[in-house]
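Q: structure for the following, please:
(2 chains)
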Protein chains: 2
Amino acid sequence: MEPVSLPPQSRVALCGGTHGNEMSGVYLVRELQKLEKVGSATLTTVISNPRAVQMCKRYTDVDLNRCFTDAILSSPVTDATPYEVRRAQELNTLLGPKGSAGAMDLVCDLHNTTANMGLSLISYSAQDWVILHIYRQIQVSRVSIQLNQMRVKDKVKLIQDLIFETTSASIEVGPQPHGVVRADIFNIMKECFNSGGEVDDVYTFVKSIDYPRDPETNQITAAIHPQLQDRDFCLLHPGDPMFLMFSGEIVKYEGVEVLHPYFVNECAYYEKSIAFHLARKMTLTIPPLRVKRD
Amino acid sequence: MEPVSLPPQSRVALCGGTHGNEMSGVYLVRELQKLEKVGSATLTTVISNPRAVQMCKRYTDVDLNRCFTDAILSSPVTDATPYEVRRAQELNTLLGPKGSAGAMDLVCDLHNTTANMGLSLISYSAQDWVILHIYRQIQVSRVSIQLNQMRVKDKVKLIQDLIFETTSASIEVGPQPHGVVRADIFNIMKECFNSGGEVDDVYTFVKSIDYPRDPETNQITAAIHPQLQDRDFCLLHPGDPMFLMFSGEIVKYEGVEVLHPYFVNECAYYEKSIAFHLARKMTLTIPPLRVKRD
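A: Numbering: from 1, shown residues only, chains lettered A, B, ... in the order given. A predicted model of the protein is given here:
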C-alpha cells in the first residue's frame, strides 16, 4: 500500500468532561494538569464543559458533543444561544479553528459509558490515518483487568461511527455509572496514555435499535435481555434474545445479518431512543505514514 | 421472648421513583399498576416523585427522601416551597397522615444503588417488628444471580439506619447505574415480592467516610480502592486499603474496629460527602407476632 505523507503531529489536545458526568476523563485531565510536560508533544488539557462538570450532568442545555458541526460553530450568538453552543465556539477558537493552520493536530476526547465496552476508540472518519496509527500503538496486552465474569473482550476496540461531524477522536471506557469514578476504569484510561498496542478489526456503525415502548405513553416496556447485557462486541445472531419485557416475555433479534452490538444499555441513550448500536466488523488496511517535510 | 400484639396489617403501599433516576422501582410499580390485585392485602402503588422521574433525575429541588420529618411535613406551603416538600405533604395525605388511624400499615419504598449491595432492606427503626418479620419472609435462597466475580453475598442484607425519620422501609438493589434499568436487578426486585426467606444479621450504621479531597478546591483526589470497590458488607480491617489516589498512592483504613462498609461508591452520595458507610454487625432477636383483635 502506498505511504501517505502527513505534516508532523506535535500539538495534541486532551479533553475531559465533554459530558459533565463522565468522571474518568474529568479526573484524568485534572491530574495531568498538575504535571509539567508529557513526552515531546505539546499537550493541551481542557475541561470541555465546566458548567456541566460543576453540576455533574451530561449537559446543561444541549449535548455539547453534537455541537461541533460547521453550521453550529458558525451560527451567530444571541441571548437565546444555548450554553453548550457558545462553549463549542470557544473550544473551536481554543483548539482550532477547524481546518485552519493553527488548529491542533489531534484532539482526543475522554468518555465513559455504562455499557460494558472496555476500552473503545471511536473515530469519526474512515480515513483519519493519524488517529488509526495512534490506535495501533496502544498496547492492549497491558489492559488485562477483568471487570466481571461476563467480559469477553480484553483488547481495545476501534469503532467508526460516521454520524457525528466532530474533528476529535473519542476514547470510551466502561462500564462505569455516570457521576461515579471507579479506580479500575480510571486506571484503564490512564494506562491507555502510558502504553502502546495494536488494533486488528474495526466495528462500523450499521444501525441503532430502540427499546420496546408503549405506543400510547412512549415509555419503555422492557430491559436489555440478560444474555445481551454486558456483552458488547459479541455476535448477535438472528433469533438471539434482545429484550426481556417487564411482563416476562422475550423479544428476539429478527434481523438477517449477524452483527455486533455496542453501547448496550448506555444511560444517556435512553433519551435518544437507542438501546444499543449494531456494527459490522471490518478489516482495515492502514497505509504506512511518512512525515511530510516542506 | 414475649409475643408482641399488633393490629392486622392489610393496607400496604409500594412506592417507586422516590429518587427519579432509580429505574427498577419505577418500572416495577408501573408493571404492578397493570395488574388487578396482589394477594389479600390492598396494595397501593405510587410513583413518589413523578416530576423527577419525568426528568430522570434524583430530585428537582431537594431530596424527597429527606422530606418526611414531622417538621417538614407540617411546614406551611408558600410560593417558595420546594417541589419535593409539597410532594412529601401530598404523599403524607395519600398514605398517612403519619401516625393516624387511616395511615397505611406498611410503606415499602424501592431504590437502586450504584454500590454492589445486592438486595438490601433498610429499616429506620430498631423496633419495627412488622417490617422485620416481613424481611424474615423473603426467601433469599432464590436470589442466586451472580452479577460479577467480586460479589460475595448471596442473601438479603438488613440495615438499620436511624439517621432518617421516615415511616417507610427501603429496599435497595444494586449495582445499577442511575438512569439505567438492568433486567437482572429488575428481576431481583421483582423476585423479592414473589417469595419469602430469612435474615440472620443486622448491619447498624456507625459512621460515614468521605473521599480524600483537595483542601483548596474541595474536589475529590482519589477513587475507592479496587480492593474495596464492589465489596459491600465485607470486613474492613485496620490497615486495609480504602482509597487509590489519582496520583497512585494508597490510603488505608486507620480505625481500630473491624467494620462492614456499605453504599460503597454510591453516585448520589458524592454531593453528600460520603464515599461509603460503615456498619457494625449485630444479631437481632425478633419477638413472635400476634394479631391483636379489638
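
Q: could I get the full set of helices for the stretch 1-150 of chain A?
A: A:23-33, A:50-55, A:70-73, A:83-95, A:129-136 (DSSP state H, counting those that start in this stretch).

Q: so which of the ones you listed is the most packed in?
A: Each of the helices of the stretch 1-150 of chain A was assessed for mean neighbour count using mean count of other CB atoms under 10 Å in any protein chain shown. The highest is helix A:23-33, with a mean of 22. All C-beta spots, glycine's among them, are computed from the backbone N, C-alpha and C.

Q: check which helices and strands that helix sits against.
A: Applying 3 or more CB pairs under 8 Å, 6 or more residues apart in numbering or on different chains; DSSP states H and E, one finds that helix A:23-33 contacts strand A:11-16, strand A:42-47, strand A:106-112, helix A:183-192.

Q: tell me the angle it makes with strand A:42-47.
A: With axes from the mean of the first three to the mean of the last three CA atoms, to 10 degrees defining the directions, helix A:23-33 sits at 130 degrees from strand A:42-47.

Q: what's the closest of the helices of the stretch 1-150 of chain A to B:Val256?
A: Nearest of the helices of the stretch 1-150 of chain A to B:Val256, taken as CB to CB: helix A:23-33 at 31.1 Å.

Q: centre of the chain versus that closest one, how much separation?
A: Distance, stretch centre to chain centre, for helix A:23-33: 16 Å (CA atoms, centre = their mean, to the nearest Å).

Q: list the contacts of it.
A: Here helix A:23-33 makes contact (CB atoms under 8 Å, 6 or more residues apart in numbering or on different chains) with A:14-18, A:20, A:38, A:43, A:45-47, A:53, A:109-112, A:171, A:173, A:176, A:178-182, A:185-186, A:189-190, A:193, B:219-220, B:223, B:246-247.

Q: list buried residues within those.
A: Neighbour counting by 16 or more other CB atoms under 10 Å in any protein chain shown classes A:14-18, A:20, A:43, A:45-47, A:53, A:109-112, A:171, A:173, A:176, A:178-182, A:185-186, A:189-190, A:193, B:220, B:223, B:246 among those as buried.

Q: may I see the buried residues of stretch A:239-259?
A: For stretch A:239-259, using 16+ other CB under 10 Å, the buried residues are A:Asp240, A:Pro241, A:Met242, A:Phe243, A:Leu244, A:Met245, A:Phe246, A:Tyr253, A:Gly255, A:Leu259.

Q: which helix or strand lies directly C-terminal to whichever strand or helix holds A:Thr204?
A: Take DSSP states H and E as the rule and A:Thr204 turns out to sit in strand A:201-209. Next along the chain after strand A:201-209, taking DSSP H and E as the criterion, comes strand A:222-224.

Q: is that following strand anywhere near chain B?
A: Yes. Strand A:222-224 lies in contact with chain B when judged by CB under 8 Å from any CB of the partner chain; the contacting residues are A:Ala223, A:Ile224.

Q: what does that strand contact?
A: By CB under 8 Å, 6+ apart, the list of residues contacting strand A:222-224 reads A:211-212, A:229, A:242-246, A:251, A:264-265, A:275-276, B:27, B:181-183, B:186.

Q: returning to that earlier point: just put the helices of the stretch 1-150 of chain A in JSON lines and tack on distance to B:Cys234.
A: Conversion of the helices of the stretch 1-150 of chain A to JSON lines gives the following (distance: least, CB to CB, whole Å):
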{"stretch": "helix A:23-33", "distance to B:Cys234": "24"}
{"stretch": "helix A:50-55", "distance to B:Cys234": "32"}
{"stretch": "helix A:70-73", "distance to B:Cys234": "49"}
{"stretch": "helix A:83-95", "distance to B:Cys234": "42"}
{"stretch": "helix A:129-136", "distance to B:Cys234": "38"}
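
Q: can I get those helices in CSV with mean pLDDT?
A: Below are the helices of the stretch 1-150 of chain A laid out as CSV (pLDDT from 0 to 100):
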stretch, mean pLDDT
helix A:23-33, 89
helix A:50-55, 95
helix A:70-73, 90
helix A:83-95, 93
helix A:129-136, 62
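
Q: per-domain residue ranges of chain A.
A: Domain ranges of chain A: A:10-203, A:207-265, per automatic domain parsing.

Q: and the ones you listed, which one is worst for confidence?
A: Of all the domains of chain A, the minimum mean pLDDT falls on domain A:10-203 (a mean of 75).

Q: show me which residues of chain A sit near chain B.
A: Checking chain A against chain B by CB under 8 Å from any CB, the hits are A:27-28, A:30-31, A:34, A:56, A:114, A:146-150, A:175-184, A:186, A:219-220, A:223-226, A:229, A:244, A:246-247, A:265, A:267-268, A:270-271.

Q: switch to 6 Å and redo it
A: Within chain A, the positions near chain B by CB under 6 Å from any CB of the partner chain are A:27, A:31, A:114, A:148-149, A:177, A:179-181, A:183-184, A:186, A:223, A:226, A:244, A:246, A:265, A:267.

Q: give the buried residues for stretch A:100-120.
A: Under 16+ other CB under 10 Å, the buried positions of stretch A:100-120 are A:103-104, A:106-120.

Q: work out the gap between it and the centre of the chain.
A: Centroid separation between stretch A:100-120 and its chain, computed with CA atoms, centre = their mean, is 6 Å.

Q: residue in the stretch 151-294 of chain A nearest to chain B?
A: Using CB to the nearest CB, the single residue of the stretch 151-294 of chain A nearest to chain B is A:Pro177, 3.4 Å away.

Q: show me the beta-bridge partners of A:Ala279.
A: A:Phe205, A:His260 (DSSP bridges).

Q: right, and A:Leu244 touches A:Thr221 too?
A: No. The criterion here is CB atoms under 6 Å, and A:Leu244 misses it with A:Thr221 at 10.4 Å.
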